[in-house]
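what shape does this take:
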Amino acid sequence: MAESNKVLKSGLWYIISNIMIRAVGIITSPIYTSLLKPEEKVLADNFNAYVSIFTTVTCLCLIYSVGRAKLDFPDDFDGYVSAIQTLSSAFGIAVLVAAMVNVDRLSSLMQYQRIELFLMFAYLVIFPSIDYMQYKLRFEYKYKENIAISVIICITTVIASVALILLMPEQKSFAKILGTVVPSMTVGLWCYITLLRSGRVLYNKVYWIYALKIGLPMIPHGLALVILNKIDSLMIMSYCGKHDGGIYTTGYSIAVLLSVITNAIGQAYLPWFNEKLHAGERKVISEKTTLLMLAGCVMTLGFITVGPEAIKILTAASYHDCMYVLPPVAVGTLCQYFYTNYVNLELYHKKTAIIAVNSIAAAIANVILNYVFIQKYGYLAAAYTTVAGYFILMVLHCICTRVLLKEKLYKDVIYFAMLIVTGVLGCGLALLYDKITLRYGLMILLLGLVALWKKKDLAGVLEMAKSRLKKS
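Numbers count the residues shown, from 1 in each chain. Purely as a prediction, here's the structure:
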């Protein structure tokens, strides 16, 4: 019972904190869109895209080994995290040196100044330590410390970015980049030193080999996911121009706000999932996961419903067309939420090569679809190719866990049915974006039907919440 309360409490606080952090982002979004032109904003956004691509390589994807290592090295978990941090930072420094030797060539290729490239690759040395710290805290159920790190980075990034943009009106995109990098590097240095002091391990051959066996096959997976997430804006900027790229990235960034809740659920769920699967409690995993997937479907439809009003509140009039990006990208986020269940199984069995192959196949499909449809239909096509890419990825993961791992943990037919129905309904709601009364009426009706269908589960949740309030 105490364990369940611990998981529930950490899950609730992850959701609350992520919503609060995103609320800050929502509040400041109109500030950024008013201070930055679309072509300036897309340069800053693409800096983050490049960071996402390069960090996948420089950190060697060792982070994916942490969850399983908590089960395999329970007596020296601190030492394990300290050791893999040293390994990834050493490789990051080597990449930084190589980048600076070829800085002029990179500057011409990537269209960034030399100082911006130095910041980018220096950032890649330190930034992974934030992930190591937060993963460690997550698997130890230390949600307060984990949340504090996220809140500090969020608030200081906003303050620094806005202040620097105002102080550097002639270099706004550089100011936005600087405002992102400096706070995160400061927190990253603190995380690096703290992990070293607690683990006191710089090198351990067993830990390094263990981490590399799990992490290295995940590099193609990480790159493929970055392509699925980021290649859209880069290709739109190439084919349609910076203005359309800015419109798309704004709509995309608002659409993935849904992932605030789904990621928070996943953060709380993964340690619990590993422990339950390790203990052989498969039935409870299957039951709870189905309920969580249904909740994700309802949240997605609700998110799509309020999309137009949210876009109009959060952005300037020149960005309002981005509301049509929101529905397909939200459904794509839901696909991620679903297929993560299969990835968790593959990680538990240490079959990371399977994950990599699937991700590469989906990324290739996404790039081909982008190449064909963006040139023909414009930036909006990229939102729908994103859904297709994530759906392909879910199908591949499902097949692999069923056929290769012989796992039948999940109710696959029900999952795909829920996802397809949600996608169809989401597209239907998008067609009603100019009919606010009908749109909200249909959503209220849907919520009522789901509440009747799952009234027993809802009653249980309400009773649990009531008992916790009484205890409080």
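
CA only for contacts and neighbour counts going forward, please
Noted.

count the neighbours of Ile155 for me.
The number of residues packed near Ile155 is 14, by other CA atoms under 10 Å.

which secondary structure elements does the one helix or strand it maps to contact?
Of the helices and strands defined by DSSP states H and E, Ile155 is found in helix 143-167. Helix 143-167 is packed against helix 2-35, helix 128-139, helix 172-199, with contacts defined by 3 or more CA pairs under 8 Å, 6 or more residues apart in numbering; DSSP states H and E.

what angle do helix 172-199 and it make with each other?
If you take axes from the mean of the first three to the mean of the last three CA atoms, to 10 degrees, helix 143-167 sits at 150 degrees to helix 172-199.

buried residues, helix 143-167. List them.
By neighbour count on 16 or more other CA atoms under 10 Å, the buried set for helix 143-167 is 143, 146-147, 149-151, 153-154, 157-158, 160-162, 164-165.

same thing with stretch 359-368?
Buried residues in stretch 359-368 (16+ other CA under 10 Å): 359-363, 365-367.

same question, stretch 408-420
409-410, 415-416, 418-419.

of all the residues you listed, which comes closest to Met120?
Leu419 (37.6 Å; CA to CA).

ramachandran coordinates for that closest one?
Main-chain dihedrals, Leu419, degrees, to the nearest 10: phi -70, psi -40.

list the contacts of it.
The contact partners of Leu419, by CA atoms under 8 Å, 6 or more residues apart in numbering, come to 297, 334-335.

could you do Thr194 as well?
If you count contacts by CA under 8 Å, 6+ apart, Thr194 has none.

and it, how far is that from Arg200?
To Arg200, Thr194 is 10 Å away according to CA to CA, to the nearest Å.

quickly find the element holding the residue nearest to Tyr80 when sequence neighbours are not counted.
Among residues not flanking Tyr80 along the chain, Tyr207 sits closest, at 6.1 Å (CA to CA, 6 or more residues apart in numbering). Tyr207 is part of helix 205-215 when elements are defined by DSSP H and E.

could you identify the helix or strand that succeeds that helix?
helix 218-240.

mind checking what secondary structure Asp434 has?
Secondary structure, DSSP: H, G, I helix; E, B strand; the rest coil: Asp434 is coil.

let me see the contact set for it.
Counting by CA under 8 Å, 6+ apart, Asp434 has no contacts.

sorry, back to before: any idea which of the buried residues of stretch 408-420 is the one closest to Val182?
Leu419 (39.9 Å).

roughly how far apart are that closest one and Leu216?
Computed as CA to CA, the Leu419 to Leu216 distance reads 31 Å.

how far is stretch 221-230 from where the chain is centred?
Distance, stretch centre to chain centre, for stretch 221-230: 11 Å (CA atoms, centre = their mean, to the nearest Å).

residues in contact with that stretch: which ones?
Contacts with stretch 221-230, where a contact means CA under 8 Å, 6+ apart, come from 49, 52-53, 56-57, 61, 355-360, 362-363, 366-367, 386, 389-390.

any stretches of the chain with poor pLDDT?
Low-confidence segments of the chain (pLDDT under 70): 1-30, 38, 454-472.

break it down into its structural domains.
30-216, 220-434 (automatic domain parsing).

could those domains go into a markdown table alongside distance to Leu447?
Converted to a markdown table, those look like this (distance: least, CA to CA, whole Å):
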| stretch | distance to Leu447 |
| --- | --- |
| domain 30-216 | 31 |
| domain 220-434 | 8 |
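
which one of the ones you listed lies nearest to Leu445?
domain 220-434 (11.6 Å).

next one: the closest one to chain centre, how far?
10 Å.

please apply the same query to stretch 82-90.
Distance, centroid of stretch 82-90 to centroid of chain: 23 Å (CA atoms, centre = their mean).

identify each buried residue in that stretch, please.
In stretch 82-90, counting by 16+ other CA under 10 Å, buried: 82-89.

could you do stretch 106-118 as well?
Neighbour counts using 16+ other CA under 10 Å place 106, 112, 116-118 of stretch 106-118 among the buried residues.

what does that stretch contact?
Contacts to stretch 106-118, defined as CA under 8 Å, 6+ apart, come from residues 96, 99-100, 103-104, 174, 177.

okay, and which of these map to helices?
Within the contacts of stretch 106-118, residues falling in helices by DSSP state H are 96, 99-100, 103-104, 174, 177.

ok, the residue lying closest to Leu87 once chain neighbours are set aside to Tyr64 distance?
Leaving out its chain neighbours, the residue that sits closest to Leu87 by CA to CA, 6+ apart is Trp208, at 7.3 Å. To Tyr64, Trp208 is 13 Å away according to CA to CA.

report the buried residues of the helix or strand Leu291 falls within.
Using DSSP H and E, Leu291 sits within helix 282-305. Within helix 282-305, the residues that count as buried by 16+ other CA under 10 Å are 285, 289-290, 292-294, 296-305.

please apply the same query to stretch 339-349.
Quick answer for stretch 339-349 (16+ other CA under 10 Å): 339-348.

I'd like these as a markdown table, with distance to Leu452 and secondary structure appended.
Putting those into a markdown table (distance: CA to CA, whole Å; DSSP: H, G, I helix; E, B strand; the rest coil) gives the following:
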| residue | distance to Leu452 | secondary structure |
| --- | --- | --- |
| Tyr339 | 27 | helix |
| Thr340 | 28 | helix |
| Asn341 | 27 | helix |
| Tyr342 | 29 | helix |
| Val343 | 32 | helix |
| Asn344 | 31 | helix |
| Leu345 | 32 | helix |
| Glu346 | 35 | helix |
| Leu347 | 36 | helix |
| Tyr348 | 36 | helix |
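
Leu405: which of these is nearest?
In terms of CA to CA, no member of the buried residues of stretch 339-349 lies closer to Leu405 than Glu346, at 8.0 Å.

need the nearest residue in space to that closest one, chain neighbours excluded.
Thr352 (6.5 Å).

contacts only, for the one you found.
Thr352 sits in contact with 214-215, 217-218, 346, where contact means CA under 8 Å, 6+ apart.

10 Å - rerun?
Contact analysis of Thr352 by CA atoms under 10 Å, 6 or more residues apart in numbering lists 64-65, 213-219, 221, 343, 346.

ok, Leu216 next?
Contacts of Leu216 (CA under 10 Å, 6+ apart): 57, 59-62, 64, 352-353, 356.

farthest pair in those residues?
Greatest spacing in the contacts of Leu216, by CA to CA: Cys59 and Ala353 (17.3 Å).

these two: who's more crowded?
Remark: of Cys59 and Ala353, Cys59 carries more neighbours, 26 against 20, as counted by other CA under 10 Å.
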